[in-house]
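Colleague: Just a sequence and a predicted model for now, questions to come.
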Protein chains: 2
Amino acid sequence: MEQTLSSRHSSSTDDPASAVTRTLARYLVNAQPTDLPAEVRAHTISSFVNWLGCAVGSTHHPAVEIALAALNPFSGAPQATLLGRETRTDVLTAALLNGISSHVFDFDDTHLKTVIHPAGPVASAIMALAEYQHIDGEAFIHALTLGIETECRIGNAVFPDHYDIGWHITGTAGVFGAAAAVGKLLGLDEQQMVNALGLAASQPVGLREMFGTMTKSFHPGRAAQNGLTAALLASKGYTSSPQSIEAKRGWANVVSTRQRYHEITGELGERHESLLNTFKPFACGIVIHPVIDGCIQLRNQYSLSGGDIDAVQLRVHPLVLELTGKRTPQTGLDGKFSVYHSAAVALLQGRAGEHQYSDEAVRDAQTVQLRQRVTAEIEPSLAPDAAQITLLLKNGQRLEKTVEHAIGSVAKPMERADLAAKFTDLVTPILGESQAAALLQAGWDILSCSDMSDIARLTQPKA
Amino acid sequence: MEQTLSSRHSSSTDDPASAVTRTLARYLVNAQPTDLPAEVRAHTISSFVNWLGCAVGSTHHPAVEIALAALNPFSGAPQATLLGRETRTDVLTAALLNGISSHVFDFDDTHLKTVIHPAGPVASAIMALAEYQHIDGEAFIHALTLGIETECRIGNAVFPDHYDIGWHITGTAGVFGAAAAVGKLLGLDEQQMVNALGLAASQPVGLREMFGTMTKSFHPGRAAQNGLTAALLASKGYTSSPQSIEAKRGWANVVSTRQRYHEITGELGERHESLLNTFKPFACGIVIHPVIDGCIQLRNQYSLSGGDIDAVQLRVHPLVLELTGKRTPQTGLDGKFSVYHSAAVALLQGRAGEHQYSDEAVRDAQTVQLRQRVTAEIEPSLAPDAAQITLLLKNGQRLEKTVEHAIGSVAKPMERADLAAKFTDLVTPILGESQAAALLQAGWDILSCSDMSDIARLTQPKA
């Protein structure tokens, strides 16, 4: 026993159970951009492009407009861009507003193991700072990777108990991700990083009770701003606990009944949670995605138009009807909870983006007509990311499609072209076609960007 | 049973267990300054004066200096004063910094039932807004009362379980107090107030793990800023849950294992928790206060000087030696945890303010000499606010004093003159004698103040 303990000690400087915060801080401080495997770097670039498209695309959502109207009178010098607008605010306000914007369509990324939406809190914080401090793209992508890694690992340590208690884990774990990433960009030393994580630990944001209200998207925005504030304070010498995550009255014990600290400190730099980040191809709850995927495939494969189709028969996982069984949606938001509407727009338009869930879209006559011909049955043997679709055509033909893994799942991630199409769909209405294309290219090319303020400026609509 | 339930329903518009948030919001929106009993108004004025003295007196503490240096580059127009300084920042930043300042000496007020320090989160938020919006003193005191009432009632509902879990209740309950008070000053309607409380519920601040670090005083500051942000967003139409406090996944269930909602909604406007707010006469842990009180009384009664005393024998509650048993303190902060040092300064100087707990004070030769003649014994039969002191004088005389209830306890509150002396002691080093006196007078006369910016300006040191 003596020997086991001693050899465990010798394998790392600190006892993992008593030095979680410090071990994580040390890793963050010592990590180098060149340590990142190429696939990790590439995946983070996808996370960035997906986040940027969501943030720009939602920039005129009422939640963003209201927050801007409320807080603008108190904001500071024009240091950072509200993505998709000409308006610039101070860095802290921009982090909050861009964080709200990036989440409000519920179209951002998902770490499926924890249901954290990782980019919102982290990218919103560092984008504002990077514009202000003219940070380059390589440092930005490295910090974004570290931030995502930090929040997902901390999420792993407490999921699902923490989420089941009622915390919106994107906001509660996200604040650590933002603090870590900003701390990295600010060049914090180990003790300062420990203090930044401590200040983050004291500021968890978000209850699941707020789902369905604007406060849900406030959570990633405020997490971004809290983490940014934490790192800024720590950079000037503000002090905090040395064991904020693992202490008896530290974060993990206070907000969760489960603590698996090895998830935080194990295989740092070797196991990459950020690779498990996924992107939504469709602007609705993830349980309907297999149906939409199959409908789009059938439409494209057989060049179908709405008039060809007599009936649509779906076999789906039980959760689909439990969560998205609305037969006659009245609003765009209702449409997101209707597998019938989703199947109809997928067959008619070949997509299910934000436009297919507008109030107009759910009232469109052709859509309503096809929607009424959709039926759905539960098939308990199906996996959550699978579905079976049968189309009966007016010419008597019968077409079938089985989706084993919906696009956007870990097993079948969105390809770069899919992400590009999603981005273009979101950003074109705000910036126009050519500027949207230029911004997308700048996103893919971020590693060669010498100053992130160039990308920020590209999100401002030309007059 | 049926009848009991029905009569309970008839006594209020909503079922108290399902409409906690709305019932509280409705009360806050409808409350009028003229409803306040005179003693409640007077007690809130004392809370204000005590808070103002603490905030001005601590304005140059390193925690405040660091936070200002870190956040000033991102702050907005000079709308609100950092109390005790010439510097003005935007309202949100001022709320944070003044909240830090008001708590950092651990000398602010205490609602003993919940150990909430009530004024910090509430007064720091509304002082900044009131200066900016030129609000009058009567409206200010009314809002401060409502904010203190809100946070203490919410604290009562979850104490002690919530505190035992590890939350710093001043920050977690304080955010509701700040949102309620700011919401009142902004004239929110009932639905907006419900939303403000919801946005507050999603932003609890503070872990007890941070005690002993600067992050502890960050908690009331951030609670002030979070509540202010919540009310500002709600005033422009930002939406939140209608049952943020009491829902299955609402605040009380997520952060506590105990929920007594009647503490929040019962006897609103009739039972005044704000009357139970107490003020610390001495700048150290409350368990030593009976000893200090008795020593000061003996000193003044017999006009003692240090040279007269041969030995000091204390009989104290067991907690005193457990928490404050440091025999030879090395720093001012150590001194706050030494009943021996505290007795010595009380006998020598007749006070135990912040100056008696400086690094110099614990090294003062005369103090060290007397400290070495102090002995303390546990007397389990004593109440926590009681102590027995015996002095053996060099002339052979033996003096005894039994303190039944220390000054500052609920049973023996600080008188106005005591509060004035504490205020003067804190503020004079910052503003000088005559301006400190003028500010104190303005505090007592707050009800006749037509514009709170006059009081804010009085806290700025004259060049």
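Modeller: Nice, thanks for sending it over. Numbering: from 1, shown residues only, chains lettered A, B, ... in the order given.
Colleague: What's the per-residue pLDDT of A:Leu5 here?
Modeller: Per-residue confidence (pLDDT) for A:Leu5: 32.
Colleague: Just checking, which helix or strand succeeds the helix or strand containing A:Ser434 along the chain?
Modeller: Assigning secondary structure by DSSP states H and E places A:Ser434 in helix A:433-444. Downstream of helix A:433-444, the first helix or strand assigned by DSSP H and E is helix A:452-458.
Colleague: Check what contacts that next one and list those residues.
Modeller: A:52, A:80-81, A:83, A:127, A:130-132, A:134-137, A:140, A:435, A:438-439, A:442-443, A:446, A:449 (Cβ atoms under 8 Å, 6 or more residues apart in numbering or on different chains). Just so you know, the C-beta spots here come from the backbone N, C-alpha and C atoms, and that holds for glycine as well.
Colleague: any weak-confidence spans in chain A?
Modeller: Along chain A, segments meeting pLDDT under 70 span A:1-17, A:463.
Colleague: Nearest to the middle of it, which residue? Look it up for me.
Modeller: Residue closest to the mean C-alpha point of chain A, counted by Cα atoms, centre = their mean, is A:Asp109 at 2.9 Å.
Colleague: still on that earlier bit, show me what the helix holding A:Ser434 is packed up against.
Modeller: Applying 3 or more Cβ pairs under 8 Å, 6 or more residues apart in numbering or on different chains; DSSP states H and E, we find helix A:433-444 packed against helix A:38-57, helix A:416-431, helix A:452-458.
Colleague: Buried ones in the second one, by neighbour count?
Modeller: I take that to be helix A:416-431. For helix A:416-431, the neighbour count (16 or more other Cβ atoms under 10 Å in any protein chain shown) marks A:Leu419, A:Ala420, A:Lys422, A:Phe423, A:Thr424, A:Asp425, A:Leu426, A:Val427, A:Thr428, A:Ile430, A:Leu431 as buried.
Colleague: for the first one, same thing?
Modeller: Buried positions in helix A:38-57, judged by neighbour count with 16+ other Cβ under 10 Å: A:40-57.
Colleague: can you check the shortest one too?
Modeller: For helix A:452-458, the buried set under the neighbour-count rule, 16+ other Cβ under 10 Å, comprises A:Met452, A:Ser453, A:Ile455, A:Ala456, A:Leu458.
Colleague: export these to a markdown table and tack on distance to B:Gln388?
Modeller: Listed next are these as a markdown table, based on distance: Cβ to Cβ, whole Å:
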| residue | distance to B:Gln388 |
| --- | --- |
| A:Met452 | 68 |
| A:Ser453 | 69 |
| A:Ile455 | 72 |
| A:Ala456 | 69 |
| A:Leu458 | 75 |
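Colleague: What number of residues are in the vicinity of A:His60?
Modeller: When counting by other Cβ atoms under 10 Å in any protein chain shown, one arrives at 12 neighbours for A:His60.
Colleague: picking that back up, what does the helix holding A:Ser434 contact?
Modeller: By Cβ under 8 Å, 6+ apart, helix A:433-444 touches A:45, A:48-49, A:52-53, A:56, A:416, A:420, A:423-424, A:427-428, A:430-431, A:449, A:454-455, A:458-459, A:461-462.
Colleague: roughly how far is it from the heart of the chain?
Modeller: Averaging C-alpha positions (Cα atoms, centre = their mean, to the nearest Å) puts helix A:433-444 20 Å from its chain's average.
Colleague: got the angle for that helix vs helix A:38-57?
Modeller: The directions of helix A:433-444 and helix A:38-57 differ by 150 degrees, with axes from the mean of the first three to the mean of the last three Cα atoms, to 10 degrees as the criterion.
Colleague: ok and helix A:433-444 relative to helix A:416-431, angle-wise?
Modeller: Taking the same axes, to 10 degrees, one finds helix A:433-444 and helix A:416-431 inclined to each other by 130 degrees.
Colleague: Could you confirm whether the strand or helix carrying A:Gly198 reaches chain B?
Modeller: Per DSSP H and E, A:Gly198 falls inside helix A:190-201. Yes - counting by Cβ under 8 Å from any Cβ of the partner chain, chain B has neighbours in helix A:190-201: A:Asn195, A:Gly198, A:Leu199, A:Ala201.
Colleague: Next, the residue nearest to the second one when sequence neighbours are not counted: secondary structure please.
Modeller: Among residues not flanking A:Gly198 along the chain, A:Ser240 sits closest, at 2.7 Å (Cβ to Cβ, 6 or more residues apart in numbering or on different chains). Taken by DSSP: H, G, I helix; E, B strand; the rest coil, the conformation at A:Ser240 corresponds to coil.
Colleague: for A:Ser240, what are its contacts?
Modeller: Applying Cβ under 8 Å, 6+ apart, the residues contacting A:Ser240 are A:194-199, A:201-202, A:234, B:210, B:213-215.
Colleague: How many residues are close by the residue in the stretch 201-350 of chain A positioned nearest to chain B?
Modeller: Distance from chain B to each residue of the stretch 201-350 of chain A (Cβ to the nearest Cβ) is smallest for A:Arg249, at 3.4 Å. Counted by other Cβ under 10 Å, the residues lying close to A:Arg249 total 19.
Colleague: Count residues in the vicinity of the closest residue to it other than its chain neighbours, would you?
Modeller: Using Cβ to Cβ, 6+ apart and skipping the chain neighbours, the partner closest in space to A:Arg249 is B:Gly166 (3.4 Å). For B:Gly166, the count of nearby residues is 18 (other Cβ under 10 Å).
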